[in-house]
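# Using only what follows, build the 3D model:
(one chain, ligands or ions: 1)
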Amino acid sequence: MVDESVVSEHYRHGQLLERIEDGLQKMGKSINCATVEDLAPVDEFHIGGRAATEHLMEQLKFSQSDRLLDVGCGLGGASRFIAKTYGNSVTGIDLTDDYVTVGNRISEWLAIKELVSLHQGSALSMPFDEASFDGAYMLHVGMNIEDKDTLFSQISRVLKSGSKLGIYDIMRTSEGILSYPVPWASDESFSFLTEAEEYTALLEAAGFKIECINNRQKFALEFFKQLKEKAEANNRPPPLGLHLLMESAAPIKITNMIENIVNGFVSPIEIVAQKV
Ligand SMILES: C[S@@+](CC[C@H](N)C(=O)[O-])C[C@H]1O[C@@H](n2cnc3c(N)ncnc32)[C@H](O)[C@@H]1O
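Numbers count the residues shown, from 1 in each chain. Now for the predicted structure:
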């Protein structure tokens, strides 16, 4: 079993808040007038960013009064978007202390801390009571978690019966040697990709009923195409973007991820499930 500190060290940045403030300045903004929309290119660390979050949320159809859990929340961009758009109270949990600290500061800038609280911790031992949430989602996190059995048992434990769970992870779609580094791992020692069939079997064993599975390969390839076109048109990356999180390794990590998707070895896949 991989030491979780290897994973949080992979994501730890150290100067992220300063880099995001710089990016805002380049956009002619400051922390006092930034919006949830301004931050979206950097605080949603998954393929397709905000558009991908919206697509999943449309299927989950949470009610405004639902207390939601964001498993592996990262900087919490999806949580702030959901809180602002639908009015939900959202709790996030993430292994990487750096992301949680920066994410909570961004929530302060955006005056949304009353609705969104991010906590450092592992999804494999969540410090939340049984049946304390009405819904949950997990965006691009399972790739770092080997013990998905415990992961789904933990999510099931903290959800009320009838709650919806939305997953959007990069999953294995065929055998083949993957190119590394990728955004979630420098090498295969802490990359735990598995097939959608394995996810659904483990979810069912943890007490979930599967409602739908969507392979988002086409959407992902279109997203990368647009990103490339924009960067080429401007001759440089935008002031805020995922390159700030991945720093100098961003080009090779993104290139490898696209190559792995184009080869049909992996794909971002949504699973919508309901706790029975
Ligand atoms: C690619 S980022 C996605 C972050 C966020 N969900 C988003 O879409 O913006 C993966 C995140 O999973 C978190 N993570 C990995 N393993 C975890 C675990 N066992 N418990 C909690 N968080 C974990 C990492 O710290 C990282 O922030």
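
# could you point out the longest strand in the chain?
strand 159-172 (DSSP state E).

# Residue of the protein closest to the ligand, please.
residue 74 (2.6 Å; C-beta to the nearest ligand atom). Yep, even glycine has a C-beta here, placed from its N, CA and C like the rest.

# for this structure, where's the lowest mean pLDDT among helices and strands?
helix 217-234 (a mean of 90; mean pLDDT, DSSP states H and E).

# by how many degrees do that one and strand 159-172 diverge?
Helix 217-234 and strand 159-172 are oriented at 70 degrees to each other (axes from the mean of the first three to the mean of the last three C-alpha atoms, to 10 degrees).

# next SSE after helix 217-234?
Per DSSP states H and E, the first helix or strand lying C-terminal to helix 217-234 is helix 243-246.

# ok, that following helix near the ligand or not?
No. Judged by C-beta under 6 Å from any ligand atom, helix 243-246 makes no contact with the ligand; its nearest approach is 8.4 Å.

# can you tell me the average pLDDT over the helix or strand following that helix?
Sequence-wise, the next helix or strand downstream of helix 243-246 (DSSP H and E) is helix 250-262. Here helix 250-262 scores 95 as its mean pLDDT.

# And helix 250-262, what's buried?
Using 16 or more other C-beta atoms under 10 Å as the test for burial, helix 250-262 gives 250, 253, 254, 256, 257, 258, 260, 261.

# Ok, stretch 2-9 next?
Quick answer for stretch 2-9 (16+ other C-beta under 10 Å): 4, 7, 8.

# ditto for stretch 226-246
Neighbour-count burial for stretch 226-246 [16+ other C-beta under 10 Å]: 227, 237, 238, 239, 240, 241, 242, 243, 244, 245, 246.

# Pull the contacting residues for the fifth one.
Yep, that's residue 240 we're talking about. 20, 23, 24, 27, 38, 39, 41, 42 (C-beta atoms under 8 Å, 6 or more residues apart in numbering).

# on that earlier part again, export the buried residues of stretch 2-9 to CSV and append columns for pLDDT and secondary structure.
Output for those, formatted as CSV (pLDDT from 0 to 100; DSSP: H, G, I helix; E, B strand; the rest coil):
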residue, pLDDT, secondary structure
4, 95, helix
7, 97, helix
8, 97, helix
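
# can you narrow those to ones near the ligand?
4, 7, 8.

# can I get these in CSV with distance to residue 151?
Listed next are those as CSV, based on distance: C-beta to C-beta, whole Å:
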residue, distance to residue 151
4, 12
7, 13
8, 16
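
# And those residues, which is closest to residue 272?
Using C-beta to C-beta, residue 7 comes nearest to residue 272 of these, at 25.7 Å.

# how about the least confident helix or strand of the chain against the ligand, any contact?
No. Using C-beta under 6 Å from any ligand atom, helix 217-234 stays clear of the ligand, with a minimum separation of 13.7 Å.

# ditto for stretch 258-268
No. Residues of stretch 258-268 are not located near the ligand by C-beta under 6 Å from any ligand atom, the shortest gap being 11.0 Å.

# And the contacts of that stretch?
46-48, 52, 140, 168-176, 178-179, 182, 193, 215-217, 219-221, 224, 257.

# go again using 10 Å as the cut-off
Under the contact criterion C-beta atoms under 10 Å, 6 or more residues apart in numbering, stretch 258-268 has outside partners 46-48, 52, 139-140, 143, 168-180, 182, 191, 193, 196, 214-221, 223-225, 227-228, 257.

# CA atoms only for it, dumped as CSV, please.
Below are the C-alpha coordinates for stretch 258-268, written out as CSV (Å, rounded to 0.1, in the frame of the first residue of the first chain):
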residue,chain,number,x,y,z
ILE,A,258,-3.8,13.1,-24.2
GLU,A,259,-1.7,10.3,-25.7
ASN,A,260,-3.0,7.8,-23.2
ILE,A,261,-6.6,8.9,-24.0
VAL,A,262,-6.0,8.9,-27.8
ASN,A,263,-4.5,5.4,-27.6
GLY,A,264,-7.7,4.2,-25.9
PHE,A,265,-5.9,3.1,-22.7
VAL,A,266,-7.7,5.5,-20.4
SER,A,267,-10.7,7.8,-20.4
PRO,A,268,-12.5,10.2,-18.1
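
# For residue 272, list each beta-bridge partner.
Beta-bridge pairing for residue 272 (DSSP bridges): residue 166, residue 212.
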